[in-house]
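*Asks:* my questions are about this predicted structure, shown below with the sequence.
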Amino acid sequence: MISPALFCASDSMQSSSQLFPVALVSAELRGDLTEDVYRLKPNNSPDSSVELAVTRLGRPDGRRGVPVILLHGSFSNRRFWYSPKGIGLGAHLARAGFDVWIAEMRGHGLSPRNEDYDRNRVADYARFDLPAIANFVVEQSGQVPHWLGHSLGGVTLAAALGGGYLDDQQAASAALCGSQVSRTYWPLKLPPVAWGGRFLLKRMGGLSGARLKRGPEDEPLGLALEALHWYSLFGRFGEKGNDWWAGLQKVSVPVLAIGSDGDIQDPAWACRKLLEQFGSEVREYLHLGRRQGFSEDFGHVDMLISKGAQREVWPQLQHWLEHGCLPAGQGALAQA
């Protein structure tokens, strides 16, 4: 855990936030981009030990455009968006003039594990962490940020919007890339299988990214049990007393969803179904794949991290952020 002394650093290493304690951990020039790393201590959840790392990317001239917050998926961290060599969608958007903020969830990347790490759930990220990050970005930038999430990052963003934890004063738009909650795992509908799954997960004590060969980070037991509940016989996308799925119909911010024919984990039809649940007037759907005129059937990760994505997908996302719509000929669900 970060020392309290760091929250009382010299003026050159201290943020000007009036919301909660914030430490400016580092401020460096990385090639043609500036990189500022903040550590937030919101103190807004039952676990007061929670600290969240947020990396801000910009151009050296100091001019900052519209803020965009990027959320990584499961087993991942900020490097999904921004490699040590300055490659990635986050770096691309910063070079294009956006004020890029890359958040890392509890226990991922530069965000330390909190005391109740094993109990962390999407419900905690959505209710406590995303609003804190949003409020900090609004305070620092003076503008309402756009949001872009991949996989579980997009699911968490949908949960925050459907749960009423983010509103149009904290989110100018939302882009969900390879994110869904509708894929049916029929065996989990059987109570004995669900019970066995919970028993096995508790024995494992969480999910190891390295052991499962899924990525550089681990995922907590609480999140795994939460997902198991969503897909169980009487499960739903929500938490006790708050039906996120139903709440999506009340959302008004513009929403973009991206699905791909090559995504086996989160199939395109399920990504579209999540989008269709939103009540937003502006809803656009980008369907990736050879049948849609793209060079390949992008996989779950390849849709954002590949040379093909750099050529064909990044410009689409940049256009969405700049104009609030996809280029002409895309976005089949625009008026649905």
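*Replies:* On my side now, so go ahead. Numbers count the residues shown, from 1 in each chain.
*Asks:* give me the neighbour count for residue 214.
*Replies:* Neighbour count for residue 214, taken as other CB atoms under 10 Å: 17. (Each C-beta comes from the backbone N, C-alpha and C, glycine too.)
*Asks:* got the contact list for it?
*Replies:* Going by CB atoms under 8 Å, 6 or more residues apart in numbering, residue 214 touches 74, 75, 207.
*Asks:* so what pLDDT did the residue lying closest to residue 243 once chain neighbours are set aside get?
*Replies:* Nearest non-adjacent residue to residue 243, counting by CB to CB, 6 or more residues apart in numbering: residue 236, 6.3 Å away. Per-residue pLDDT puts residue 236 at 85.
*Asks:* how much space separates residue 236 from residue 273?
*Replies:* As judged by CB to CB, to the nearest Å, residue 236 and residue 273 stand 14 Å apart.
*Asks:* kindly report the same for residue 323.
*Replies:* Taking CB to CB, one finds residue 323 at 26 Å from residue 273.
*Asks:* with residue 41 instead?
*Replies:* 37 Å.
*Asks:* so if I had to pick from those two, which one is more boxed in?
*Replies:* residue 41 (20 against 16).
*Asks:* can you get me a residue count around the closest residue to the more buried one other than its chain neighbours?
*Replies:* Leaving aside its sequence neighbours, residue 41 sits nearest to residue 21 (CB to CB, 6+ apart; 4.4 Å). Using other CB under 10 Å, residue 21 has 18 neighbouring residues.
*Asks:* then the one 10 residues further on?
*Replies:* Other residues within reach of residue 31 by the criterion other CB under 10 Å amount to 10.
*Asks:* right, and it touches residue 84 too?
*Replies:* No - using CB atoms under 8 Å, residue 31 is not in contact with residue 84; the gap is 10.1 Å.
*Asks:* can you pull out the strands in the stretch 1-150 of the chain?
*Replies:* For the stretch 1-150 of the chain, applying DSSP state E, counting those that start in this stretch gives strands covering 22-30, 33-40, 52-58, 67-71, 99-104, 146-150.
*Asks:* let's have the ones you listed in JSON lines, adding mean neighbour count, distance to residue 260 and mean pLDDT.
*Replies:* Output for the strands of the stretch 1-150 of the chain, formatted as JSON lines (neighbours: other CB atoms under 10 Å; distance: least, CB to CB, whole Å; pLDDT from 0 to 100):
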{"stretch": "strand 22-30", "mean neighbour count": "16", "distance to residue 260": "30", "mean pLDDT": "94"}
{"stretch": "strand 33-40", "mean neighbour count": "20", "distance to residue 260": "28", "mean pLDDT": "97"}
{"stretch": "strand 52-58", "mean neighbour count": "24", "distance to residue 260": "26", "mean pLDDT": "98"}
{"stretch": "strand 67-71", "mean neighbour count": "27", "distance to residue 260": "18", "mean pLDDT": "98"}
{"stretch": "strand 99-104", "mean neighbour count": "27", "distance to residue 260": "22", "mean pLDDT": "98"}
{"stretch": "strand 146-150", "mean neighbour count": "28", "distance to residue 260": "12", "mean pLDDT": "98"}
